[in-house]
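[1] sequence first, then the predicted structure, then my questions.
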Amino acid sequence: MQILEHIFYGKRAMFYAAKEFMDQLQAGQDYSVLNTTIGIHFLDFDFFADERMVRHFAFRDMETGEYSDELGYLQLYFVEMGKFHKEWSQINTLLDRWLAFLTKAQDLDRTQLPVTMQSEPAITKAVAELVGMGSDRGLREAYEAEEKAKMVDAATLQFVEQRGEERGERRGELLGQQRLLMHLMNRHIGEVPPSIEARLNTLTPAQLGNLGEALFDFNSYADVEEWFSQQ
């Protein structure tokens, strides 16, 4: 599931599926053990231009459109949830019900589910689980951590945009990168120590960009110090 738009999301989707397919094979095994790998992507942004909500991709002959079972072991589905606009009375299929759950969960009451949702026991269970998450401290903290990560992602997008806007002035770009990176660190790890701030001033634009990408894997400033030691 992807909330924020990503400029390389197509490549990312193909990479994940290809890696899952490849990782099935252990040393010494032959290709007969490989099973079909299907990547299913629920997107909260418009990846394609038209209003089609669901797309299924598989290898086909570019000239004839012919599909071969022998080449069908890697497939991708994309579901753009923002294009789901059905009212409760229009929901008919199982996919409709799950998309309604994913996009309208805040309107659901497990004691008074719409008739079109009651026919699927898994939906009823999912609504109950969602209600339970609100009173579970561990799950609530996990949700808050995810919200924090989304803020970091949004700040990263802002960081990329600002880099483009400031490209005309090298010094301005450098200062902009440093400020945005400190902003990311502050949100993701905590208040930036003066020692880290001083070291940021010694980095080149390329190094600042590399640190910005690596930051998502860090949990403390000890990780940042380790990154500096490897430069």
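    Okay, I see it.

[2] following the chain past the worst-scoring helix or strand of the chain on mean pLDDT, name the next helix or strand.
    One helix or strand of the chain scores below all others by mean pLDDT, DSSP states H and E: helix 137-165, with a mean of 69. Sequence order places helix 170-188 as the next helix or strand after helix 137-165, per DSSP states H and E.

[3] name the helices or strands packed onto that next one?
    helix 137-165, helix 194-200, helix 205-214 (3 or more C-beta pairs under 8 Å, 6 or more residues apart in numbering; DSSP states H and E). Bear in mind the C-beta positions are built from the backbone N, C-alpha and C, glycine included.

[4] okay, the angle between it and helix 205-214?
    For helix 170-188 against helix 205-214, the angle by axes from the mean of the first three to the mean of the last three C-alpha atoms, to 10 degrees is 20 degrees.

[5] for helix 170-188, what is the average pLDDT?
    Helix 170-188 comes out with an average pLDDT of 75.

[6] heads up, I number from 34, so please use that
    All set: I'll call the first residue 34, so the last point we hit is now helix 203-221.

[7] list the buried ones in that helix?
    Neighbour-count burial for helix 203-221, counted by 16 or more other C-beta atoms under 10 Å, picks out 206-207, 209-211, 213-214, 216-218, 221.

[8] shaky segments in this protein?
    Within the chain, the stretches with pLDDT under 70 are 167-169, 172, 183, 185-206.

[9] where do the domain boundaries of it fall?
    34-116, 119-166, 173-262 (automatic domain parsing).

[10] thinking again about what came up before, and the buried residues of helix 203-221, which is closest to residue 138?
    Taking C-beta to C-beta as the measure, residue 138 lies nearest residue 221 of the buried residues of helix 203-221, at 27.4 Å.
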